[in-house]
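Visitor: need coordinates for the following:
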Amino acid sequence: MSDYYKILGVTKESNQTQIRKAFRKLALQYHPDKNKNSEESKQKFMEIVKAYEILSDEKSRERYDSNTISDKNIQGFNWTPPADFANFYSYENLKREYKQNQISGGMWEISEKANAGLWKATFILLASLGLVSIFILLKIY
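Guide: This next block holds a predicted model:
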């Protein structure tokens, strides 16, 4: 049986963020679209995806850990790729989804610091608008 922690280059104490980063790095390195005509990279990529699928899900990770710790032969640990495997693990999708420090657009994908700045600017704008409105009303009456 394969050691999924070793495949991803992480330890059993690794958290989900560390597992995700290790997966992203290896998946981009061994992706079949990047290494065309390389059967070895396809097999390595499938091992990486399998290791990630099992270790990224808490229940399957616990099951995997309990079976490997007790040195049992894992009979019921058959993994099959998801139906949308080609789309979900496409090279472009991996680059787009797992790119570090990338702001891909949309107002919900900004940092907390930028979000606070937007709120301050909105508050100042509305306060200024209110003051101008009060000033106009006082001039009229």
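Visitor: make it CA atoms for all contacts and neighbour counts henceforth
Guide: Noted.
Visitor: so how far is Leu131 from Arg63?
Guide: Counting by C-alpha to C-alpha, to the nearest Å, the separation of Arg63 from Leu131 is 63 Å.
Visitor: more neighbours: which of those two?
Guide: Neighbour tally, Arg63 and Leu131, criterion other C-alpha atoms under 10 Å: the higher count belongs to Arg63, 15 against 12.
Visitor: report pLDDT for the more buried one.
Guide: pLDDT, Arg63: 86.
Visitor: cool, Tyr5 as well?
Guide: 91.
Visitor: what do you get for Ser133?
Guide: Model confidence at Ser133 (pLDDT) stands at 94.
Visitor: may I ask which helix or strand of this protein has the lowest mean pLDDT?
Guide: Counting by mean pLDDT, DSSP states H and E, the chain has its least confident helix or strand at helix 85-88, which shows a mean of 62.
Visitor: now His31, nearest residue through space, not along the chain?
Guide: Of all residues not flanking His31 in the chain, Phe45 sits nearest, at 5.8 Å (C-alpha to C-alpha, 6 or more residues apart in numbering).
Visitor: what about the one you found, distance to Tyr141?
Guide: For Phe45, the distance to Tyr141 - C-alpha to C-alpha - is 75 Å.
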